[in-house]
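*Asks:* What would the 3D arrangement of this be:
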Amino acid sequence: MAASFTASNHALSFARFNLNHLSHPESSLPFTKSLRTSPAAASTNSLSWRPKFNHPLKRPVLVFSGGDGFGGGNGHSSGGGGGGGEGGEQGSGGNREEAILALAEMGRGLESVPKDLAAAIESGKITAPIVERYFELEKSPLFRWLLQFGGFKERLLADDLFLAKVFIECGVGMFTKTAAEYERRRENFFKELEIVFADVVMAIIADFMLVYLPAPTVSLRPPISVNAGAFAKFFYSCPENAFQVALGGTSYSFLQRIGAIVRNGVKLFAVGTTSSLVGTVVTNALINTRKAVDKSSDEVENVPVLATSVAYGVYMAVSSNLRYQILAGVIEQRIFEPLLHQHKLILSAVCFAVRTGNTFLGSLLWVDYARWIGLQKAQEVEKQESHSVA
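*Replies:* Here you go, the predicted model:
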């Protein structure tokens, strides 16, 4: 907007205000004014004025992660999922404006949110619904405490039922594992309670990681160092879930989604191997201690530590990894949540049923896998099945 005052005729006139010029680079400048003297009339002065904005408009930040999946700038924005740079810039700019408007409607500013969330809003990676979800979660003391941790924050912002799914998975896992231990031990269940406890604890830890690692996230991480290697940049740009929905203004290439499966597979292999290693070592120690005290328990054999640990790690990296990625990214996020997003109680019940079925399927697949690699003899499996039928 510009106003000019002519001293000779004491007239004040206003120029036409064009909203389309707000995106011009000059609109990001602070308050400016200039006094110009017309060479034709020395007595005529013109005062040009531009308003000062408390929050100067900035051009959207365009973030490149490389259309080929390796972090190179080849013209595709945010991983190159088919959109060009111009579309990514428009999406980021729209996200930023909507998110800042959502903050204003709640009477909050960027300084009132964590630094990583504020940076994501500034760069246009966060949409208005995500900002609104953050303030809804902040009302709960438990969620407010969990939002202090980056991993939980990214997952809760992507799925407000994430914590409920953790409790569902761990609860179902604890119940099914305890039931399986009872079916296997029967009258010796309480005599070998310490072994059962160790197995159940390790199962709960594994179940938690199976929910945590493949869960869809809202990325709040800062850009990776420019000195990082090509593989580090590639895996850093991959989503947490290979099938998760990308937010507006971002996209993931096919290679990045494959990279998410590989990266989580490596993590779950480490989790499975470690948890099984600790569990089998503790179990063997308790078995040997019981043998030393009770000579009648010699029929209990030690569990092969290394073979069992590596086998379980491979099982989690392949079978569990794929099943839980599909469960969280396709079945829950893409199918059930769009249909039942306004009915949280029904959605929770559906998630409970689906995750219970997935746990049961995983138990069956583990038995078949253990028999296939020779880790568990077929006679032992048939004996367990006869016990379960009885």
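*Asks:* Quick check: residue 237 touching residue 256?
*Replies:* Yes: counting by CB atoms under 8 Å, a contact exists between residue 237 and residue 256, whose distance comes to 5.9 Å. C-betas here are computed from N, CA, C, even on glycine.
*Asks:* List the buried residues in the one helix or strand residue 364 maps to.
*Replies:* Secondary structure from DSSP states H and E places residue 364 in helix 344-372. Within helix 344-372, the residues that count as buried by 16 or more other CB atoms under 10 Å are 347-348, 350-352, 354-356, 358-359, 362, 366, 369-370.
*Asks:* Kindly reformat those residues as CSV and extend each row with distance to residue 304.
*Replies:* Compiled in CSV, the buried residues of helix 344-372 are given as follows (distance: CB to CB, whole Å):
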residue, distance to residue 304
347, 42
348, 40
350, 39
351, 36
352, 35
354, 34
355, 30
356, 30
358, 27
359, 25
362, 21
366, 16
369, 15
370, 11
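*Asks:* Tell me which two of those residues sit farthest apart.
*Replies:* Of all pairs drawn from the buried residues of helix 344-372, the greatest distance, 34.4 Å, lies between 347 and 370 (CB to CB).
*Asks:* now residue 123: how far from residue 112?
*Replies:* In this view, residue 123 and residue 112 are 18 Å apart by CB to CB, to the nearest Å.
*Asks:* ok, back up a step: with respect to residue 217, which of the buried residues of helix 344-372 is nearest?
*Replies:* Residue 217 has its nearest neighbour among the buried residues of helix 344-372 in residue 351, at 17.6 Å by CB to CB.
*Asks:* Any figure for the gap between residue 339 and residue 347?
*Replies:* As it turns out, when the distance is counted by CB to CB, residue 339 lies 8 Å from residue 347.
*Asks:* Residue 169 now?
*Replies:* To residue 347, residue 169 is 15 Å away according to CB to CB.
*Asks:* And the strands in this structure, which stretches?
*Replies:* Under the criterion DSSP state E, the chain carries strands at the ranges 3-6, 11-14, 33-37, 45-49.
*Asks:* Quick check: pLDDT value at the closest residue to residue 288 other than its chain neighbours.
*Replies:* Among residues not flanking residue 288 along the chain, residue 302 sits closest, at 7.3 Å (CB to CB, 6 or more residues apart in numbering). Residue 302 carries a pLDDT value of 76.
*Asks:* Residue 173 too?
*Replies:* In this model, residue 173 is scored at 88, pLDDT.
*Asks:* ok, now which ones touch it?
*Replies:* Residues counted as contacts of residue 173 (CB atoms under 8 Å, 6 or more residues apart in numbering) are 203-204, 206-207, 359.
*Asks:* Next: residue 331.
*Replies:* In this structure, residue 331 makes contact with residue 354, judged by CB under 8 Å, 6+ apart.
*Asks:* so what pLDDT did it get?
*Replies:* According to the model, residue 331 carries a pLDDT of 96.
*Asks:* Centroid-nearest residue for this protein?
*Replies:* Relative to the mean C-alpha position of the chain, the nearest C-alpha, by CA atoms, centre = their mean, is the one of residue 217, at 1.9 Å.
*Asks:* Now that residue. Nearest residue, chain neighbours left out?
*Replies:* Computed as CB to CB, 6+ apart, the closest residue to residue 217 that is not its neighbour in sequence is residue 154, at 4.0 Å.
*Asks:* and the gap between the one you found and residue 117?
*Replies:* Noted for residue 154: a distance of 10 Å to residue 117, by CB to CB.
*Asks:* Mutual contacts of the two, please.
*Replies:* Common contact partners of residue 154 and residue 117 (CB under 8 Å, 6+ apart): residue 220.
*Asks:* Show me how far the helix holding residue 364 is from its chain's centre.
*Replies:* On the basis of CA atoms, centre = their mean, to the nearest Å, helix 344-372 sits 21 Å off its chain's mean C-alpha point.
*Asks:* just checking, what packs against that helix?
*Replies:* Contacting helix 344-372 under the criterion 3 or more CB pairs under 8 Å, 6 or more residues apart in numbering; DSSP states H and E are the following elements: helix 162-185, helix 305-315, helix 321-326, helix 337-340, helix 378-389.
*Asks:* what's the most buried one of those?
*Replies:* The densest packing among the helices and strands packed on helix 344-372, expressed as mean neighbour count by mean count of other CB atoms under 10 Å, is seen in helix 321-326 with a mean of 21.
*Asks:* Touching that one from outside, list them.
*Replies:* Residues external to helix 321-326 that are found in contact with it (CB under 8 Å, 6+ apart): 210-211, 213-214, 241-243, 260-261, 264-265, 268, 358, 361-362.
*Asks:* cool, stretch 195-205 as well?
*Replies:* For stretch 195-205, using CB under 8 Å, 6+ apart, the contacting residues are 170, 173-174, 177-178, 181, 185, 189, 271, 275-276, 278-279, 282-283, 286-287.
*Asks:* make it 7 Å
*Replies:* Contacts to stretch 195-205, defined as CB atoms under 7 Å, 6 or more residues apart in numbering, come from residues 170, 173-174, 177-178, 181, 189, 275, 278-279, 282-283, 286.
*Asks:* and the residues you listed as TSV, adding distance to residue 223?
*Replies:* Formatted as TSV, the entries for the contacts of stretch 195-205 read as follows, by distance: CB to CB, whole Å:
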residue	distance to residue 223
170	34
173	37
174	40
177	41
178	45
181	47
189	53
275	33
278	36
279	39
282	42
283	45
286	49
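*Asks:* Right, I'll call it a day here.
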